[in-house]
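*Asks:* what follows is a predicted protein model with its sequence.
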Amino acid sequence: MKTIKTILFIALTVFMVSCSDDDDNNPADELAGLLKVQDFTNATHVVEAYTVSGKFTQGYNAITLRIKDISTGKYVENAEISWMPVMNMMTMNHSCPKSAVTKVSGAKTTYQGYIVFQMAENDMEGWELTLDYNIAGEDYMAKDDISVPMSEQQVVTSFMGTDGKRYIVALIEPSDPKVAVNDMRVGVFTMENMMSFPVVKKYSLDLDPRMPGMGNHSSPNNQNLVFNSTDNVYDGKLSLTMTGYWKLNLMLRNESNTVLKGEPVTETNESSSVYLELEF
């Protein structure tokens, strides 16, 4: 009887250690607040993609990745990852603004970055995402089609500036707007070619939020958006005085303070040609 108890104790200890090891390699808090979008699978790995909403959408997408080894069931802790989103159109292909993919600070198994899908899918055209990664000197690739439906509001806009360059402006924050002075953050990018959309640095954006359904009134205490060199984004303050639909009128200025696109809102001009939208 004593021998049986000893065997059971050893088996239970091994099981608990095994579970502990699995938990250490699969820390739940690394995915807190995130929902899985989809898996990208090849013969050796499953690359899992997560966002806050559990989907990709037109506009700015903060994306978290992790890689599972199919043979061991463990998550990879030492990968180097890059990605390439491509919109396959009827007559051409193009990419979109995207960041590098980096290890989440303090995390073991998760990696993060962002992609700005400047256009939505349709019945004949859609996006695919290729993930290239290296583990211990070995190169791998996982690729699949992804769904990018149209956003309900205009959270990204593309236009040609007076300098002949095409620009993309995407809303990042506020993602959860309040009746208050909100921190506002946008990304500004330029189309270098069909596959390259680098960040535009050291420009600025004039901000004039309006409520078209309420006499086109504005709000106090807004601050124009200026370049944040630490995060490579543009930060400002957005004052929202009531709930409802807001049009965030913008004017893009270069380093010389020349307006490249956008117009002031006046009694005779109700909206800038460059704007983003919020409704809450």
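*Replies:* Ah, there it is.
*Asks:* which residue is nearest the middle of this protein?
*Replies:* With distances taken as Cα atoms, centre = their mean, residue 61 lies nearest the centre of the chain, 2.2 Å away.
*Asks:* wait, it touches residue 113, no?
*Replies:* No. Between residue 61 and residue 113 there is no contact, the gap being 9.4 Å when judged by Cβ atoms under 8 Å. Every C-beta, even on glycine, is put in place using the N, C-alpha and C of the backbone.
*Asks:* before we move on, what SS does residue 82 have?
*Replies:* strand (DSSP: H, G, I helix; E, B strand; the rest coil).
*Asks:* was I right about it contacting residue 133?
*Replies:* Yes. Assessed by Cβ under 8 Å, residue 82 is found in contact with residue 133 at 7.4 Å.
*Asks:* out of the two, which sits in the busier spot?
*Replies:* Between residue 82 and residue 133, counted using other Cβ atoms under 10 Å, residue 133 has the larger neighbour count: 21 against 13.
*Asks:* if I look at the residue lying closest to the more buried one once chain neighbours are set aside, how far off is residue 186?
*Replies:* Using Cβ to Cβ, 6 or more residues apart in numbering and skipping residues adjacent in sequence, the residue nearest residue 133 is residue 81, 4.4 Å away. Distance from residue 81 to residue 186, counting by Cβ to Cβ, to the nearest Å: 25 Å.
*Asks:* what's the answer for residue 42, then?
*Replies:* For residue 42, the distance to residue 186 - Cβ to Cβ - is 35 Å.
*Asks:* quick one, helices of this protein?
*Replies:* Using DSSP state H, the helices of the chain run over 2-24.
*Asks:* who's in contact with residue 246?
*Replies:* By Cβ atoms under 8 Å, 6 or more residues apart in numbering, the contact list for residue 246 reads 209-211, 240, 277-279.
*Asks:* so residue 96 sits against residue 117, correct?
*Replies:* Yes. Between residue 96 and residue 117 a contact is recorded at 5.6 Å, counting by Cβ under 8 Å.
*Asks:* for residue 96, what are phi and psi?
*Replies:* phi -160, psi 170 (degrees, to the nearest 10).
*Asks:* any chance of the contacts of residue 246 in a markdown table, plus neighbour count, distance to residue 173 and pLDDT?
*Replies:* Below are those laid out as a markdown table (neighbours: other Cβ atoms under 10 Å; distance: Cβ to Cβ, whole Å; pLDDT from 0 to 100):
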| residue | neighbour count | distance to residue 173 | pLDDT |
| --- | --- | --- | --- |
| 209 | 23 | 14 | 98 |
| 210 | 21 | 19 | 98 |
| 211 | 17 | 20 | 98 |
| 240 | 22 | 12 | 98 |
| 277 | 15 | 14 | 98 |
| 278 | 20 | 11 | 98 |
| 279 | 11 | 16 | 98 |
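*Asks:* save the residues you listed as CSV, and put in distance to residue 265 too.
*Replies:* What follows is the contacts of residue 246, written out as CSV (distance: Cβ to Cβ, whole Å):
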residue, distance to residue 265
209, 10
210, 6
211, 12
240, 16
277, 15
278, 16
279, 19
